[in-house]
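[1] Sharing a model prediction with you, sequence too.
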Amino acid sequence: GVPPYEFSLDGVNYQSVGYFSGLGVGLQTVYVRGANACVFERSLDVETCFTPSGLTVPAVTSTTANVQWNAVGGVQGYTLRYRKQSSTSWTTQFVTTNSRVLTGLSPSTAYVVQVRSACSSEIVSVYGSANFTTAGASTATCLNPSPVNVMPSVTSALVTWPQVQGATMYQVSFRRNVPATGWTTVNRSPSTPNYLMTGLLAETEYEVMVRALCGTTRVPYPPSLYFTTLPFTRKAETAETAVSLAVYPNPTRGSFTVWVSGLGDGGLRLSLYDALGRKVYGEAHASAANEASLSVDLRQSLAKGVYLLTVESGAAMRSARLVVE
C-alpha cells in the first residue's frame, strides 16, 4: 500500500491511528487502507481481558458503601469481592453492571474492595483495588423537650415546649390530679410543639407530661408538671358566653387584628402572655359598639413563639392562642 494509512474495525469508519481500546475478547477484523484506496484486512484473536479502571467508593455511611467503576466493553460481567482489612475472608458477588451498593457493613471499619472483568467463563482480568472506611455509628440521643410551660385559663390550658432535634412525634399526657383520673394522651407532629387542653374544670389541679419520640425510640416520660386552672369567680370563660373572639393572621409576624363581638358597656381589655406566663402586652379599649376590630402591631417587641391572648369584657373573658413566626 501507499502511505499514509488509515485503520478501521468495520471497513467503513476509519481513523488515522492504529490503536483501538475496549475490544471484546475473540476474533477481531482489522482493515488498513492506503492513500491509493487499497484495503488490506487481517483477523486477530483478541484474548486480553482489561481490568476495570476508575474504581471508587464515592458514598459511604456507617453500614453501606456505593462502589463504582468504568464499564469494560465486551465482558460478561464483573466479579466483586470485599473484606475488612483486618480479615482474610472475602465476600464475593458477581454483577453485570458497573456499580454495587454494599450493605450490612460494620461502622468505623476499614475495608478493601476489588473488582475484575469476566470476559468469558475462562478468561478474567486481574483485580483492581480500592480502600474505604465506614462512618461511625450515630450517637444522636432522643431527649425530652425542656422546659415545658403551661398557660392555664378557666376551662383550658395551653402547654408549649421547644422542638427536639430528631423528634418524629410528641406525646402529651394529662389528667386531673385531685381526685386523680385516667390519663388523656394525644400525639403532636414534630412541627407542632404545643397543645391546647380543653374541657378542664375551673379552679382544679392538673398534671401534664410531654415526651419526644424519635422513630422507634420512645423516651420515658419526665416528671409531671402541675398547674391549676383559674376560678370562675375571677372571669367567666364559658362556651355559652356572648363574647366572640377571632385573631388574624395567625400565625403572624407580630402584626395582627383582633375582632371581638358581644361587648359590654365597659369596653374591653387585651392582654398577651408569653410561654412562661409573663404579661408582654396589655391595653384597654373603650367601645360603645357591640363589636370591635383592633389592629395590634408588636413586630418590634415580640420574639418568635406561642402566646396566649386574652380579651376581657365586663364579667366575661375569652382567650386564643397566637403564634408568632
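    In hand now; what should we look at? In this text, all values refer to a predicted model and were calculated from it rather than measured experimentally. Residues are numbered from 1 along each chain as shown.
[2] looking at the chain, which helix or strand does the model trust least?
    Lowest on mean pLDDT, DSSP states H and E among the helices and strands of the chain sits strand 217-218, with a mean of 75.
[3] Show me what it is packed up against.
    When contacts are defined as 3 or more CB pairs under 8 Å, 6 or more residues apart in numbering; DSSP states H and E, strand 217-218 packs onto no helix or strand at all. Every residue, glycine included, has its C-beta placed from N, CA and C.
[4] got a list of contacts for that strand?
    142, 211 (CB atoms under 8 Å, 6 or more residues apart in numbering).
[5] What pairs with it, parallel or antiparallel?
    strand 205-214 (antiparallel) (DSSP bridges).
[6] Over the partner strand, what's the mean pLDDT, rounded is fine.
    Across strand 205-214, pLDDT averages out at 92.
[7] what about dumping the CA coordinates of that strand to PDB?
    What follows is strand 205-214, C-alpha atoms only, in PDB (Å, rounded to 0.1, in the frame of the first residue of the first chain):
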ATOM      1  CA  GLU A 205     -55.200  21.000  89.900                       C
ATOM      2  CA  TYR A 206     -54.000  19.000  86.800                       C
ATOM      3  CA  GLU A 207     -50.700  17.400  85.800                       C
ATOM      4  CA  VAL A 208     -49.200  17.200  82.300                       C
ATOM      5  CA  MET A 209     -46.200  15.300  80.800                       C
ATOM      6  CA  VAL A 210     -44.600  15.800  77.400                       C
ATOM      7  CA  ARG A 211     -42.200  13.300  75.800                       C
ATOM      8  CA  ALA A 212     -40.400  13.000  72.400                       C
ATOM      9  CA  LEU A 213     -40.500  10.100  70.000                       C
ATOM     10  CA  CYS A 214     -37.500   9.700  67.600                       C
END
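[8] how far is that strand from where the chain is centred?
    24 Å (CA atoms, centre = their mean, to the nearest Å).
[9] D274 is in contact with Y307, isn't it?
    Yes - D274 lies in contact with Y307 (CB atoms under 8 Å); the separation is 5.8 Å.
[10] who touches both of those two?
    Contacts common to D274 and Y307, judged by CB under 8 Å, 6+ apart, are V280.
[11] Those two: which has the busier surroundings?
    Y307 (22 against 19; other CB atoms under 10 Å).
[12] what's the spacing between the more buried one and V247?
    As for Y307, its distance to V247 is 10 Å (criterion: CB to CB, to the nearest Å).
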